[in-house]
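Participant: Output the structure for:
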Amino acid sequence: MKVYLLGAANPETIRMIMAVQRSVPNIEFPGFLDNDPTKKNTEFYGYPILGGIDLVPELVNKSKSDEVGFVNLITGNMIARYETSKAIVAAGGRLVNFIHPSVELSMSRWGTGNYIQEGVIVQAGVTVGDNCSIHMGALIGHETIIGNTVFIAHAVSVSGCCEIGDGTFIGTNATLLPRIKVGKWAVIGAGAVVNRDVPDYAVVVGNPARVIKRNEVQYSDGRVY
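Facilitator: Below you'll find the model as predicted:
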């Protein structure tokens, strides 16, 4: 299988490629896509940057009988992640999971197009939707439900039985107490301690977390399919 990665920015991606290939040797990573035109035809740690997502139809057609998948590495902006993943799918690309082999996946359910870094702990009964990214050292407590197009930064602690809505961004070292419900397209600031439910589109910060404004997003969900 050939897997193309969108977003040539973080060198940790290269270590993930090496770890995945040690675990699943038949996966090939031919190069990166990046919508920054100045990066086209350059290299990222030895891997070619082929161009932007306008190349998706060509890469799919060129591969003929080979399986081709795409992974979105964009995490800093959830609208950008959502829109670029939608564009990949609309162009005929298939999103696939890029999950570090150290992550225990048993007794959990996963969608597709997810990017999960090293050291993430996912407890039993967790459900993760499509197009999500969870960064190093995050803890997802048992029976938590994560929607689509969700980003969880490194060292976040999500307690058991939480629900996280589509499009949510959770910053570094944030903590969600048990059974918290986070609405769609919410933003939880770094270090926030969330002890009550978070409304749709809310931006919350602090300990205890409080709503400081509404996140203006025009989308009703984070589904890419």
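Participant: Contacts for stretch 23-34 next, please.
Facilitator: 1-9, 17, 20-21, 40, 44, 47-53, 55-56, 70, 101 (CB atoms under 8 Å, 6 or more residues apart in numbering). C-beta: built from backbone N, CA, C; applies to glycine.
Participant: go with 6 Å
Facilitator: 1-6, 8, 17, 44, 47-50, 53, 101 (CB atoms under 6 Å, 6 or more residues apart in numbering).
Participant: Now list the buried members of those.
Facilitator: Lys2, Val3, Tyr4, Leu5, Leu6, Ala8, Ile17, Phe44, Tyr47, Ile49, Leu50, Ile53 (16 or more other CB atoms under 10 Å).
Participant: Show me the two of these that sit farthest apart.
Facilitator: Between any two of the buried ones among the contacts of stretch 23-34, the greatest separation by CB to CB is 19.4 Å, found for Ile17 and Ile53.
Participant: Name the surrounding residues that touch the helix-or-strand element of the chain with minimal mean pLDDT.
Facilitator: Ranked by mean pLDDT, DSSP states H and E, the helix or strand of the chain with the weakest confidence is helix 56-63, at a mean of 89. Applying CB under 6 Å, 6+ apart, the external contacts of helix 56-63 come out as Lys2, Val68, Ile88, Ala91, Gly92, Gly93.
Participant: any idea which of the residues you listed is the one closest to Met78?
Facilitator: Nearest to Met78 among the contacts of helix 56-63, with distances taken as CB to CB, is Ile88, at 15.6 Å.
Participant: Assign the closest one to helix, strand or coil.
Facilitator: helix (DSSP: H, G, I helix; E, B strand; the rest coil).
Participant: My read is that Ile74 contacts Ala9, right?
Facilitator: No: with contact defined as CB atoms under 6 Å, Ile74 does not count as touching Ala9 (8.6 Å).
Participant: Which of the residues in stretch 200-211 are classified as buried?
Facilitator: Going by neighbour count (16+ other CB under 10 Å), the buried part of stretch 200-211 is Asp200, Tyr201, Ala202, Val203, Val204, Val205, Ala209.
Participant: The chain: helices as residue ranges?
Facilitator: Using DSSP state H, the helices of the chain run over 12-23, 56-63, 78-90.
Participant: Show me what the longest one is in contact with.
Facilitator: The set of residues that contact helix 78-90 without belonging to it, under CB under 6 Å, 6+ apart, is Ile53, Val56, Phe70, Asn72, Ile74, Asn131, Thr149, Phe151, Gly167, Phe169, Gly222, Val224.
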